[in-house]
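# Show me the folded form of this:
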Amino acid sequence: MELLLALAVITAVIIFGALISLGNERQRRAIDELREQVVLWAIQDLRIKREHLAREVRVDDPLEWLNRIATKAYGYDLKLQVVEAFDEPRALVCSTGDGSGRVVFTPVSPDDIRRFRKEKRGRLSQVAAQSPLFLFPRKTTEYEISALNGGMVFDLELPLAWNSLTGQRLLDGERIWMYVIP
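Below you'll find the predicted structure:
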């Protein structure tokens, strides 16, 4: 009799456990679907806001815009002043307001710079004397600036600011690299 009672209790616990597991799985699927819907809604909301902002994108003071973007990435107001722009490879050299260092902005990725150094030794000797991208000291700090840390319409503002500061057209304005040279 006790054995029958023990088996009944064990069977009831197993059945209740299975029912709870099925209920939890159903709730997990429902929560996943809800989360997916929230993500889709948030993306659509950002698209709507971005579309509204895209119509009004202007960069009135490109140097101030660049300084604001650099401050977001670096965490310190550098008070940038434009020194020189280079065409090949594209680079914009700025000095800090206190004169303690230089900041170089470029749309050329660090991987491309490294590859260019390795593959084009002959061409590098011609360009290296002119371009600041190949003469970085060891203590140079590198920052990637994109829409993630530069603002929602960064990729729309960057080509406008770059063109105003350098006179060059920037076709791919999704990100830019900033090198702070002490």
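
# where does the biggest helix by length in the chain sit relative to the chain's centre, distance-wise?
Looking across the chain with DSSP state H, the single longest helix is helix 2-54. Computed by Cα atoms, centre = their mean, to the nearest Å, the separation of helix 2-54 from the middle of its chain amounts to 33 Å.

# Spell out for me which residue occupies the centre of the protein.
Centroid check for the chain by Cα atoms, centre = their mean gives S146 as the closest residue, at 3.5 Å.

# what residues are up against it?
Contact analysis of S146 by Cβ atoms under 8 Å, 6 or more residues apart in numbering lists 154-155, 174-176. C-betas here are computed from N, CA, C, even on glycine.

# V104 - that's part of a helix, no?
No: assessed with DSSP: H, G, I helix; E, B strand; the rest coil, V104 is strand; it does not lie in a helix.

# Apart from its chain neighbours, what residue comes closest to it?
Using Cβ to Cβ, 6 or more residues apart in numbering and skipping residues adjacent in sequence, the residue nearest V104 is Y179, 4.4 Å away.

# ok, so what distance separates the one you found from K139?
In this view, Y179 and K139 are 11 Å apart by Cβ to Cβ, to the nearest Å.

# Which one's more surrounded, these two?
Taking other Cβ atoms under 10 Å, Y179 and K139 do not tie; Y179 has more neighbours (20 against 9).

# How about the secondary structure of that one?
strand.

# re earlier: only whichever of the contacts of S146 are buried, select them in ChimeraX.
Selection of buried members from the contacts of S146 for ChimeraX, criterion 16 or more other Cβ atoms under 10 Å:
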select :154,155,175,176
